[in-house]
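1. here you go, sequence then predicted model.
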Amino acid sequence: MLNSEYKRKNNSMKNAILNWSKRRYSKGQRLIALIPACLFFLIGIPFALVILSPFIDAYLRLPKFVLEPLNIIIALFLIIPSLSFSAWSVWVQFKIGEGTPIPMMPTQKLVVDGPYAYCRNPMTLGMIIFYFGISVWIGSLSSIGLTMLFTVLIIAYVKLVEEKELEARFGEEYIKYKKRTPFLIPKRRKK
């Protein structure tokens, strides 16, 4: 019973995304739609990690792992490249794919170039590393735990919803891309 309910809900979400994918949006509309998404993922989630994790750490009596300035150096080493990788991913979706990472305004073309030649989910990878960088910066074990929870949830969404929607939209082209390109951990391009 639960399995059939899950399949029904998953199909209805996939169908909604398929319907949204048929609409074309101007560059201006796509830029405006990116603003709240960027605010949420670049400011909202990090802000929540910074604000909530000290309370969770104190409640769970978790030690802080601060090795200044080492944690700041490691954090910057994680944050800067990961944000660059994520921004590159969004730019490629916007420019080449003529869409956004927002499910309501998905790409019009399957994007397999740029960071998508290295892995199928470079923006997700970038954001996960970014949140781990924030966690290292603030020296919070609960923040690392929350980042791991985010990782599990976003991977589940991609596997259960997004990949099925991409298969439905792009068919064999996506299946071939999926077979030759790793899910999350990048591989070097063949020359």
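-> All right, it came through fine. Keep in mind that what you see is a predicted model, and the values were worked out from it rather than measured. Residues are numbered from 1 along each chain as shown.
2. quick check: longest helix in the chain by residues?
-> The helix that spans the most residues within the chain, counting by DSSP state H, is helix 70-95.
3. can you give me the helices in the chain?
-> Listed in chain order (using DSSP H), the helices of the chain are 2-21, 27-38, 45-60, 70-95, 122-138, 141-157, 163-170, 172-180.
4. point out the most buried one among these.
-> helix 122-138 (a mean of 22; mean count of other C-beta atoms under 10 Å). To be clear about C-beta, it is placed using only N, CA and C from the backbone, and glycine gets the same treatment.
5. dump it to PDB, restricted to CA.
-> What follows is helix 122-138, C-alpha atoms only, in PDB (Å, rounded to 0.1, in the frame of the first residue of the first chain):
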ATOM      1  CA  PRO A 122      28.000  19.300 -10.100                       C
ATOM      2  CA  MET A 123      25.800  22.000  -8.500                       C
ATOM      3  CA  THR A 124      24.800  19.500  -5.800                       C
ATOM      4  CA  LEU A 125      28.400  18.500  -5.200                       C
ATOM      5  CA  GLY A 126      29.400  22.100  -5.000                       C
ATOM      6  CA  MET A 127      26.700  23.000  -2.500                       C
ATOM      7  CA  ILE A 128      27.500  19.900  -0.300                       C
ATOM      8  CA  ILE A 129      31.200  20.900  -0.200                       C
ATOM      9  CA  PHE A 130      30.200  24.500   0.500                       C
ATOM     10  CA  TYR A 131      28.100  23.500   3.500                       C
ATOM     11  CA  PHE A 132      30.900  21.200   4.800                       C
ATOM     12  CA  GLY A 133      33.200  24.200   4.400                       C
ATOM     13  CA  ILE A 134      30.900  26.400   6.500                       C
ATOM     14  CA  SER A 135      30.700  23.600   9.100                       C
ATOM     15  CA  VAL A 136      34.500  23.400   9.300                       C
ATOM     16  CA  TRP A 137      34.800  27.200   9.500                       C
ATOM     17  CA  ILE A 138      32.500  27.300  12.600                       C
END
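6. right, I'll leave it there.
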